[in-house]
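**Student:** Sequence and computational prediction follow.
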Amino acid sequence: PCGEEILHEQVIEILPADQAVFLDPPSDETLTCAEYDVFVFDDLDYTNSMAGDCEIMGTESPTLSENLDGYCGGTITAEWEFEDDCGRTITHEQVITVLPADKAEFTTLPANETVSCDNLPPPAEPLSYTNNELVPCLISGEIEPVIEDDTDECGGEIINTWEFEDECGRLTFHQQTITVEPAEEASFIDPPDGITITCAEYLDYTADDLEYTNNQTSPCEIAGDVEPEESGNVDECGGVAIFTWEFEDECGRIIIHEQEVTVTPAPEAVFLNVPIDLTLSCSDYDGDLPELDYENGETGDCSIEGSVDAIESGSVNSCGGVITYTWTFTDDCNRTISESQMVTFLPAADPEFNDLPDDETIDCEDDVPDPDDLEYDNGESDNCEISGDVTATVTITDNLYEYYWSFTNPCTGTIIEHTQILTKLIPVEWDTDEFEITLCEGDEFDLSTIGLIDLNNTNPTITYHDDDPPNAGNEIDPIITMGDDE
């Protein structure tokens with residue numbers, strides 16, 4: 001049939017040119033910090049080794065992905081990527097590992113040392129550190145020390161520590177130990193020597209505080225003062241007091257000084273107002289023991305004072321006697337003082353008879369009484385009393401009775417005596433001759449002229465009376481006058 005078309009279609013499929021590849025792609029590397037500093041990533045060529053329209057070739061620069069931490073290194077990834085017109089992609093990745101820069105070190109390292117307390121070094125200074133590289137790999141600077149000062153006058157240690165940690169966490173460390181010897185031990189200044197003083201001086205004696213020093217300055221100085229401690233035994237008999245100054249420093253070192261103070265005994269006591277020897281009457285003796293005071297004139301612990309009773313020896317009676325009073329005192333130091341007084345007592349007074357009987361006339365019709373014992377005393381008492389009674393010696397002569405009492409004082413030989421005369425009246429026996437008298441009125445006559453003779457010679461007392469019986473009421477004068485009525 002006419003007009004009909006016939007169609008033939010041939011499809012020719014043209015395959016893509018070969019895919020390109022990178023030429024000499026670099027492998028991974030590990031670089032030092034310094035090597036990385038000069039390292040350069042190159043562009044990377046690619047080709048499919050074909051010609052004409054089928055050729056695919058060119059150059060790609062890398063895309064860098066950094067994972068770096070300064071001089072501490074890290075990784076850098078370089079990626080080359082090419083996509084051809086066919087949408088085909090080729091890639092290459094190179095990992096560069098960068099090592100950290102060398103660790104810094106201190107440039108100088110101070111050594112350990114031992115020093116005396118008074119020769120301490122100055123405070124530690126900063127230390128410089130470096131790793132001797134160039135920027136950006138350079139790690140350098142200086143670090144202040146940490147100073148631990150554990151020293152005093154007893155020495156100790158100063159530890160200086162320098163520590164630097166870099167950004168990589170690496171530690172640079174140095175430590176210096178300075179051993180400080182203890183300061184010199186202190187000694188006392190002008191320590192006192194031993195002395196000897198009196199008891200009275202000891203009462204006022206005060207041991208001063210004692211200063212000590214090691215003659216150094218802070219922090220090595222050991223200086224101050226210390227009070228003394230007293231020991232020993234001192235009383236009125238003297239003794240020894242020991243004053244001790246002791247100081248222990250912070251290092252446990254002890255210094256000691258002792259002063260020995262020898263105290264002499266207090267003066268010996270003496271008796272006060274020692275009485276002199278006396279002569280007293282017998283009645284002055286009372287038997288009391290007199291006290292006597294003693295003292296040594298000191299005060300406080302040095303005083304020796306008091307009183308003692310006398311010790312009596314001897315005896316006193318009515319004849320007197322001698323008493324010796326002795327006072328003796330022995331102090332605590334075994335020193336003895338003694339005084340005595342001799343008192344002579346005179347014999348007691350001589351006695352006298354009491355109630356001395358008078359002479360008596362005994363009527364002729366009465367009996368003559370017997371004599372009583374006659375008491376005597378001297379009016380004193382106790383040892384001085386002389387008293388008693390004596391019996392009369394009777395002597396009768398005719399009508400006379402003589403009573404005689406006597407006592408001889410045995411102490412003095414003095415004799416006291418008394419005599420009483422008793423007259424026994426004898427009846428009157430008148431001569432019987434009668435007489436007569438003639439008187440004129442008015443004449444006077446003396447009756448006493450009349451001779452009266454008592455034949456018994458009794459010497460009677462003659463009185464005249466004008467009435468019987470005679471009595472005092474009718475007694476008249478012996479001279480009479482005759483009245484006109486007589």
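**Tutor:** Now that the structure is in, tell me what you want to look at. Since this is a predicted model, take the numbers as computed values, not measurements.
**Student:** What distance do you get for the spatially most central residue of the chain to Y202?
**Tutor:** Centre of the chain computed as the mean C-alpha position; nearest residue by Cα atoms, centre = their mean is E230, 9.0 Å away. Look at E230 and Y202: by Cβ to Cβ, to the nearest Å, they are 11 Å apart. Bear in mind the C-beta positions are built from the backbone N, C-alpha and C, glycine included.
**Student:** Mutual contacts of these two, please.
**Tutor:** A241 (Cβ atoms under 8 Å, 6 or more residues apart in numbering).
**Student:** What residues are bridge-paired with W327?
**Tutor:** E339 (DSSP bridges).
**Student:** For it, give me its contacts.
**Tutor:** 271, 292, 308-311, 338-340.
**Student:** Check F173 too.
**Tutor:** F173 sits in contact with 161-164, where contact means Cβ under 8 Å, 6+ apart.
**Student:** Relative to N383, which of the contacts of W327 is nearest.
**Tutor:** Ranked by distance to N383 (Cβ to Cβ), these are led by A310 at 17.9 Å.
**Student:** so how many other residues sit close to the spatially closest residue to the closest one that is not a sequence neighbour?
**Tutor:** Nearest residue to A310, sequence neighbours excluded (Cβ to Cβ, 6 or more residues apart in numbering): Y325, at 3.8 Å. For Y325, the neighbour count with other Cβ atoms under 10 Å is 19.
**Student:** you'd agree Y325 is up against E312?
**Tutor:** Yes - assessed by Cβ atoms under 8 Å, Y325 is found in contact with E312 at 6.0 Å.
**Student:** before we move on, the earlier item: any idea which element the residue nearest to A310 lies in?
**Tutor:** Element membership of Y325, judged by DSSP states H and E, is strand 320-330.
**Student:** Buried residues, that strand. List them.
**Tutor:** 320-321, 323, 325, 327, 329 (16 or more other Cβ atoms under 10 Å).
**Student:** And for stretch 254-270?
**Tutor:** 255, 257, 259, 261, 263, 265-267, 269.
**Student:** ok, of these, which one's closest to I479?
**Tutor:** Nearest to I479 among the buried residues of stretch 254-270, with distances taken as Cβ to Cβ, is A269, at 94.1 Å.
**Student:** Extract the C-alpha set from stretch 22-40 and format it as CSV.
**Tutor:** Taking Å, rounded to 0.1, in the frame of the first residue of the first chain, the C-alpha atoms of stretch 22-40 are listed here in CSV:
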residue,chain,number,x,y,z
PHE,A,22,43.7,9.7,41.8
LEU,A,23,47.3,9.4,40.9
ASP,A,24,49.7,8.5,43.7
PRO,A,25,47.3,9.1,46.6
PRO,A,26,49.3,9.7,49.8
SER,A,27,49.1,7.3,52.7
ASP,A,28,48.5,8.2,56.3
GLU,A,29,51.5,9.6,58.2
THR,A,30,52.6,10.4,61.7
LEU,A,31,54.5,13.7,62.2
THR,A,32,56.2,15.4,65.0
CYS,A,33,54.9,18.9,65.9
ALA,A,34,57.9,20.4,64.2
GLU,A,35,57.4,18.3,61.1
TYR,A,36,53.8,19.2,60.9
ASP,A,37,54.7,22.8,61.2
VAL,A,38,56.4,22.6,57.7
PHE,A,39,54.0,20.0,56.2
VAL,A,40,51.9,21.0,53.2
